[in-house]
Every structure is written in structure tokens, then in C-alpha cells.
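Undergrad: Return atomic coordinates for the entry below.
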Amino acid sequence: MQVSEVMQELNRFIRTTFRVADDDPEFQDDVHIFDYGYVDSFGAVRIIEFIAERFGVQITDQDLVTHPLNTVREIGTLVHSRLPRS
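TA: Residues are numbered from 1 along each chain as shown. Here you go, the predicted model:
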């Protein structure tokens, strides 16, 4: 799986779960999803749960401190880096 595929799935999940309009020009892979109000702290937990269920990747408390995880690109890149390689 490519990082772009991970990002597409995250994008789709966030748009669907948090009701982001398909034509919202602000919602891009590099927008800060928390600062722009797309996701709140409860939503962050839902994203972490989705990542664990869909990709089998655990996001730890340490990850939240050491990695910037504020955009679809940042989250997708970390998830992709932890996917098993075949």
C-alpha cells in the first residue's frame, strides 16, 4: 500500500465521519484538521481507533508527543511507515 492510498482512506474517513463537504476548498491533505475545526479531541480518538482497525497500526501516547499528527499527510505518513512490508 502506498502512502497516497493511506491518505485517501484517512481523507475519506474524516470527510464521512466529521461531515466535511466534498467541495470544501479548505480541506486539503496539509490543512491542520484541529486548528481549522474539522476534528476535536474526541474526534482524534475516533481517528486513532480507525487506524488501529483498518491498518492494524497503534498510535501511542508517545507518538502524539513526538510526531506531528495534525494533517492527513502527517498521519498518513506515520501510518504508512508502520505498515508491514511484504
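Undergrad: what's the nearest residue to Asp40 if we skip its chain neighbours?
TA: Closest residue in space to Asp40, ignoring its immediate chain neighbours: Phe34 at 7.3 Å, by C-beta to C-beta, 6 or more residues apart in numbering. Using the backbone N, CA and C atoms, a C-beta is placed for each residue, glycine as well.
Undergrad: Give me the pLDDT for the one you found.
TA: If you check Phe34, the pLDDT there is 95.
Undergrad: now do Pro84
TA: 84.
Undergrad: burial measure for it, as a count.
TA: Applying other C-beta atoms under 10 Å, we find 8 residues neighbouring Pro84.
Undergrad: Quick check: it vs Ile75, distance?
TA: According to C-beta to C-beta, to the nearest Å, Pro84 and Ile75 sit 18 Å apart.
Undergrad: ok, and what's touching the worst-scoring helix or strand of the chain on mean pLDDT?
TA: Ranking every helix and strand in the chain by mean pLDDT, DSSP states H and E puts helix 61-66 at the bottom, with a mean of 91. Identification of contacts with helix 61-66 by C-beta atoms under 8 Å, 6 or more residues apart in numbering yields Leu69, Leu78.
Undergrad: can you rerun that using 10 Å?
TA: For helix 61-66, contacts defined as C-beta atoms under 10 Å, 6 or more residues apart in numbering pick out Ala44, Ile48, Val57, Thr60, Leu69, Leu78, Arg82.
Undergrad: wait, what's in contact with the residue nearest to Asn11 when sequence neighbours are not counted?
TA: Distances taken as C-beta to C-beta, 6+ apart place Val72 nearest to Asn11, at 5.3 Å, with adjacent residues excluded. With contact set as C-beta under 10 Å, 6+ apart, Val72 has these partners: 6-11, 13-15, 27-31, 33, 38, 47.
Undergrad: From those residues, list the buried ones, please.
TA: Buried subset of the contacts of Val72 (neighbour count, 16 or more other C-beta atoms under 10 Å): 6-7, 9-11, 13-15, 27, 31, 33, 38, 47.
Undergrad: Now the two most distant members of those.
TA: The span of the buried ones among the contacts of Val72, defined through C-beta to C-beta, is set by Val6 and Tyr38 at 18.0 Å.
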